[in-house]
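K.L.:
Everything below, folded, please.
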Amino acid sequence: MATKTAPKKASASRNRASGPSLGQLSVATQDWFGRVFKAQSREFYQLLSLIIFLTGFGLVMVLSASFVDALKDGENGFSIFIKQALSAIIGLFGLAVISTLRVTTVRNLIGPILAVGAIAQLLVLFTGFGASGNGNRNWLNVGGFTIQPSEFLKIAMILFTAQLLFKREDEFDDPKRVWWRAMINGGFVMFLVVLGSDVGTVIVMAAMLIGMLVMAGMPRRLMTVIAGAAIVFVPIIMMSSSSRRGRIMAWLDPSAPDPNGYTWQSTHGIWAFASGGVTGVGLGQSKLKWSWIPEAENDFIFAIIGEEMGLIGALVVIVLFIATAMVMIRIAAKCTNLYSRMVVLGVMLWITLQALINIAVVLTLLPVLGVPLPLISQGGSSIIAILAGLGIVLGIERENHLNPGRATKARR
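P.N.:
Next comes the predicted model:
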């Protein structure tokens, strides 16, 4: 017996020396997931379930919508899907890690996040690392990877605005120190993005900022001033580009002659919904994605959803976004300090307003703006940034669950 057991002990020693076994790694992974996801609140699990479902559904629709475009570009039909799947995996891992961070830790990172985002956006605008597409200069090429800094600037603006409101909570009666300062800071971030002609992203950011300030209690008089300024300046910005001006005029008068094809995308998007009817033509069976709808896997993926899954599928997607917003509103109501509450509401506004704008564009209720559908449209930077923002929300809800009923402010 001794001669049989001795080699086993030696082998076990060699295994320990060579590193952890697959079984040990599996146990360690399960233990980590247990610490991250177990014993949380109902709202935590509801939001996490919605995130996972929307992300998975988005991957399926990206595969369906992008297969033809990938083949047309001479690539493997799964190439766009694989890139999106890798981005989703990175985003979900980041969500899990970020959700374990304490709220105070995230607050301490606001400055570096804003600085890195602003520097990256400046590199896009003023160096050879910047890249353009569809009339926008909004991407950064680094080592063969393409990053869109403006997506991460949305997180920075939400965190920075929430921090300012929290620090000056006792000074809300002073418009210059609170409301105007918040608008000037947010305006600087949006100015960096509008220099790259990405008006769609700027509209989302402006709506997020104003929504956060209104929810924090901004006086009605200032709201009136902002509304008046928007009436004056939004048309000027929208008309500042010839292609953008053409899209707006075509949207205002879709029956007018259209030699430049400005209505091509939106018209065929409506055709997709008409083709889908109530129940859809079936997953993967879209005909309009065969080069009839530009950006079918990106800005106009909702049209492919309407064609393949019909009115029912489109309504389900809308209901899922509404449910996501409602869960985050419940999480915000549980927050015991203004900073956490405003961060949650900021992320809620980001996802909800961006989804609303995207769907409105596809339904021709708005002119084409180039805004992706959150968690569903193709775009690595978009899905990673949104999942990071949702990770912060889950981390806030984790602390809500650990400290129920605590009604004191967090220390500054």
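K.L.:
could you say what helices and strands the helix or strand hosting Phe67 packs with?
P.N.:
Secondary structure from DSSP states H and E places Phe67 in helix 42-72. In terms of contact count using 3 or more Cβ pairs under 8 Å, 6 or more residues apart in numbering; DSSP states H and E, helix 42-72 is assigned the packing partners helix 79-98, helix 301-334, helix 380-402. To be clear about C-beta, it is placed using only N, CA and C from the backbone, and glycine gets the same treatment.
K.L.:
Check which residues of that helix are buried.
P.N.:
43-44, 46-48, 50-51, 54-55, 57-59, 61-70 (16 or more other Cβ atoms under 10 Å).
K.L.:
distance between stretch 299-311 and the chain's centre?
P.N.:
Distance of stretch 299-311 from the chain centroid (Cα atoms, centre = their mean, to the nearest Å) equals 19 Å.
K.L.:
in that stretch, what counts as buried?
P.N.:
Using 16+ other Cβ under 10 Å as the burial criterion, the residues of stretch 299-311 that qualify are 299-310.
K.L.:
Just send the residues you listed back as TSV, with pLDDT too.
P.N.:
TSV is the format used below for the buried residues of stretch 299-311 (pLDDT from 0 to 100):
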residue	pLDDT
Asp299	91
Phe300	93
Ile301	95
Phe302	96
Ala303	95
Ile304	95
Ile305	96
Gly306	95
Glu307	95
Glu308	95
Met309	95
Gly310	95
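K.L.:
What is the most widely separated pair among those residues?
P.N.:
Greatest spacing in those, by Cβ to Cβ: Asp299 and Gly310 (20.5 Å).
K.L.:
Tell me who's in contact with Glu151.
P.N.:
Remark: with contacts taken as Cβ atoms under 8 Å, 6 or more residues apart in numbering, Glu151 is in contact with 201, 379, 381-382, 384-386.
K.L.:
and of those, the nearest to Trp180?
P.N.:
Within those, distances to Trp180 taken as Cβ to Cβ reach their minimum at Thr201, with 23.1 Å.
K.L.:
element containing the closest one, please.
P.N.:
Here Thr201 sits within helix 199-216, counting by DSSP H and E.
K.L.:
Ok, Val225 next?
P.N.:
When elements are defined using DSSP H and E, Val225 is found to belong to helix 220-238.
K.L.:
List the buried residues in whichever helix or strand comes after that helix.
P.N.:
Secondary structure here is assigned by DSSP H and E; on that basis, the next helix or strand after helix 220-238 toward the C-terminus is helix 242-252. Residues 244, 246-248, 250-251 are the ones in helix 242-252 that count as buried (16+ other Cβ under 10 Å).
K.L.:
Could I get those in CSV, plus columns for pLDDT and distance to Met157?
P.N.:
CSV is the format used below for the buried residues of helix 242-252 (pLDDT from 0 to 100; distance: Cβ to Cβ, whole Å):
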residue, pLDDT, distance to Met157
Arg244, 79, 23
Gly246, 81, 30
Arg247, 83, 26
Ile248, 85, 26
Ala250, 82, 31
Trp251, 86, 28
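K.L.:
Distance to Ala230 added to the residues you listed, as a markdown table?
P.N.:
Shown next, in a markdown table, are those (distance: Cβ to Cβ, whole Å):
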| residue | distance to Ala230 |
| --- | --- |
| Arg244 | 17 |
| Gly246 | 22 |
| Arg247 | 19 |
| Ile248 | 16 |
| Ala250 | 23 |
| Trp251 | 18 |
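K.L.:
Contacts for the helix holding Thr201, please.
P.N.:
Applying Cβ under 8 Å, 6+ apart, the external contacts of helix 199-216 come out as 138, 150-151, 153-154, 157-158, 161-162, 165, 172, 179, 182-183, 186, 189-190, 193-194, 223, 226, 230, 237-238, 241, 244, 338, 342, 345-346, 349-350, 353-354, 357, 369-371.
K.L.:
Please apply the same query to stretch 303-316.
P.N.:
Applying Cβ under 8 Å, 6+ apart, the set of residues contacting stretch 303-316 from outside is 61, 64-65, 268-270, 272-273, 275-289, 293, 296-297, 302, 317, 362, 376.
K.L.:
Put the buried members of those into a PyMOL selection.
P.N.:
Only the buried members of the contacts of stretch 303-316 enter the following PyMOL selection, criterion being 16+ other Cβ under 10 Å:
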select buried, resi 61+64+65+268+269+270+272+273+275+276+280+281+286+288+289+293+296+297+302+317+362+376
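K.L.:
Just the ones in helices from the contacts of stretch 303-316, please.
P.N.:
Cross-referencing these with the helices (criterion: DSSP state H) gives 61, 64-65, 268-270, 272-273, 275-276, 302, 317, 362 as the overlap.
K.L.:
what about Ser132, which SS state?
P.N.:
Three-state secondary structure (criterion: DSSP: H, G, I helix; E, B strand; the rest coil) places Ser132 in strand.
K.L.:
So in terms of bridging, what pairs with it?
P.N.:
Residues found in beta-bridge contact with Ser132 (criterion: DSSP bridges) are Arg137.
K.L.:
what angle separates the helix or strand where Leu164 lies from helix 380-402?
P.N.:
Using DSSP H and E, Leu164 falls within helix 149-167. For helix 149-167 against helix 380-402, the angle by axes from the mean of the first three to the mean of the last three Cα atoms, to 10 degrees is 30 degrees.
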